[in-house]
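Enquirer: one predicted model, sequence on top.
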Amino acid sequence: PFRSAGAIVVAAGMDGALPGLIAGLVSCPVIALPTSVGYGAAFEGLAPLLTMLNSCAPGVGVVNIDNGYGAAHLAAQITAPRPAS
């Protein structure tokens, strides 16, 4: 079946490379959500945040560490219907 999305929220810890990978595979905006949990030297979310901010993939927006509400709100704003002008 055909599936479409107006935006994708990608949560990632550790090194934070997943949002860039996903953005290279889809045509809609990707909202990167760094998490403070994970194994390795994630420095409470700082390492994935910096990786996501430096992503070379187009269409990636980044919210703050563990800000799931902000990511969901941004996705809702991106996908909200716009009035015809």
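Expert: Received it, and whenever you're ready, just let me know what you need. Numbering: from 1, shown residues only.
Enquirer: so what's the residue nearest to the spatial centre of the chain closest to, chain neighbours aside?
Expert: Nearest residue to the geometric centre of the chain (C-alpha atoms, centre = their mean): A32, 1.7 Å. Using C-beta to C-beta, 6 or more residues apart in numbering and skipping the chain neighbours, the partner closest in space to A32 is P19 (3.6 Å). For every residue, glycine as well, the C-beta is placed using N, CA and C.
Enquirer: same thing with V30?
Expert: A23 (4.3 Å).
Enquirer: in contact with the nearest residue to I65 once chain neighbours are set aside, which residues?
Expert: Leaving aside its chain neighbours, I65 sits nearest to G45 (3.5 Å; criterion: C-beta to C-beta, 6+ apart). G45 sits next to 13, 34-36, 65-66 when contact means C-beta atoms under 8 Å, 6 or more residues apart in numbering.
Enquirer: return a ChimeraX selection command for the buried portion of those.
Expert: Here is the ChimeraX selection string for the buried members of those, based on 16 or more other C-beta atoms under 10 Å:
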select :13,34,35,65,66
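Enquirer: can I get the contacts of G45 in a markdown table with pLDDT and distance to R3?
Expert: A markdown table is the format used below for the contacts of G45 (pLDDT from 0 to 100; distance: C-beta to C-beta, whole Å):
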| residue | pLDDT | distance to R3 |
| --- | --- | --- |
| G13 | 88 | 26 |
| P34 | 96 | 26 |
| T35 | 94 | 25 |
| S36 | 92 | 31 |
| I65 | 96 | 29 |
| D66 | 96 | 28 |
